[in-house]
Structures are given as structure tokens and as C-alpha cells.
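In: got a predicted structure here, sequence first:
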Amino acid sequence: MKSIIKDLINIEAVKIETEDLFTWTSGVRSPIYCDNRLTMSYPAIRRKIADAFVNSIDPSIDLIAGCATAGIPHAAWVAEQMELPMVYVRGSAKKHGKGNQIEGVIKEGQRAVVIEDLISTGKSSIQAAEALQDAGVEVVEVLSIFTYGLEWAADAFQEKGFAYRSLASYDELVEQLVDENKMTEEERIRMTEWRENPFVFTT
């Protein structure tokens, strides 16, 4: 959605650096970093994102699940609008207390949508979906604000049998940056090279 892409650019949630690359938690070196956590600080933008999620979710869903940590607030706003129960899922079970990985009340047989802030490798989203599935919850799909559109993420979701969609994509972002003259032709080319082969910028 172009409107959300513009919002991410305007609040500087998107950073582009084709020379001094960003390093993700996974170790991947990237010319782009998208920090959707910034959207929490802008009521109109977070409301727009929540509305977009709600409009794309099957109203027969029983449960909204947020991925810890950045997916949690967005899941809460969506659950509030839809008047649905909400839970959140950690990357792994706690090592103290009750040892929970899923926080909140779930019931076997519920149909859930998982909310994530972005999809890069897909690892955290898939882990959350698997935890819910293991607990007897049917994961209908994973929804995110933004996706880098990497092939290995698509392959990972397909392998595990989970559907996923995003409100905004890498290709749409690059197109918008070019349209706004915020990206040079050389940067666009390097961004495309990375999109096609994320290991092209390894050192």
C-alpha cells in the first residue's frame, strides 16, 4: 500500500545505505533497514496499519497472536478493533516462572492470525506459528507490515506450510523512493542486485 510506504519513509523508519551495510540479527548484511517499531509513536500511522490489517483478516478468526516483541502492539490494536482475544508468542519458552512461550489464553481448535512487524528470513514468524500449532491452534496466516521479499523466506514458509502476506513490500518501497527522488539510479541498481542475491554484498 503506497500510503503506508510513504509513511514509513516520512518517519524515517526506512534507512538505505548501499556502502556501509547494516547487519541483521541473522548475520545477513543488507543495504536496507526497516524499523517499523517507530510506527508506535505515530497514532495516525499505527491506526492506518491496524485498519489495513483488520480489513485483510477473515472475520471468522478466533484469535490474534503477536510475535514478540515488535508485533505485540500491532496485534493488540488489531485485536481491540476486532474485539478478539489476543496472545503473544516469544521466540522461545521462558527460562523462569511458568516457562511459557505463549502468553495469554488459548484454546485448542482456535483459528489464529499471527501479526509480525516485518518479514526478513521468516524465522521468528515461523517459530511463533509453530508454537501455536503445537498448542493445538490453527494458524490461518502470518501478516506483517513489511516484507523484504527474499526468496528464502518464501521457501521457508512454503516448507512449513504457513501462508503469509504483507501490507508493503521491498519492491514497492524502492519504487516509491525513486519516484520521490530519494534514491539515485546507482542505489536502485545496487538495491535490485541485493534483492536478487542477498549475499552479493558479503565482505
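Out: Sure, I can see it. Residues are numbered from 1 along each chain as shown.

In: quick one: contacts for the residue nearest to the spatial centre of the chain?
Out: For the chain, the residue sitting closest to the mean C-alpha position, by C-alpha atoms, centre = their mean, is Leu118 at 2.0 Å. Residues near Leu118 by C-beta atoms under 8 Å, 6 or more residues apart in numbering: Cys34, Asn36, Ala70, Ser144, Ile145, Phe146, Thr147, Tyr148, Ser166. No exception for glycine: its C-beta is placed from N, CA and C like everyone else's.

In: one more time with 7 Å, if that's ok
Out: With C-beta atoms under 7 Å, 6 or more residues apart in numbering as the criterion, the residues that contact Leu118 are Cys34, Asn36, Ser144, Ile145, Phe146, Thr147.

In: and if you look at Phe146?
Out: Cys34, Asn36, Leu118, Ser166, Ala168.

In: mind doing that once more with 10 Å?
Out: Contacts for Phe146 (C-beta atoms under 10 Å, 6 or more residues apart in numbering) come out as 4-5, 8, 13-14, 34-36, 116-120, 166-170, 172-173.

In: who does the helix or strand containing it pair up with?
Out: Secondary structure assignment for Phe146, by DSSP states H and E: strand 138-147. On the basis of DSSP bridges, the sheet neighbours of strand 138-147 come out as strand 111-119 (parallel), strand 164-169 (parallel).

In: ok, then the element right after the longest one?
Out: Right, the one you point to is strand 111-119. Once strand 111-119 ends, the next helix or strand along the chain (criterion: DSSP H and E) is helix 123-134.

In: could I get the full set of helices for the protein?
Out: Defined through DSSP state H, the helices belonging to the chain, from first to last, are 2-10, 43-56, 71-82, 123-134, 151-160, 170-179, 185-196.

In: turn those helices into TSV, columns for mean neighbour count, mean pLDDT and distance to Val140.
Out: Rendered in TSV, the data for the helices of the chain read as follows (neighbours: other C-beta atoms under 10 Å; pLDDT from 0 to 100; distance: least, C-beta to C-beta, whole Å):
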stretch	mean neighbour count	mean pLDDT	distance to Val140
helix 2-10	17	95	22
helix 43-56	16	98	11
helix 71-82	21	98	13
helix 123-134	21	96	10
helix 151-160	14	94	13
helix 170-179	18	93	24
helix 185-196	15	90	28
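
In: quick one: closest of those to Phe22.
Out: Comparing these by their distance to Phe22 (C-beta to C-beta), the top pick is helix 185-196, with 11.0 Å.
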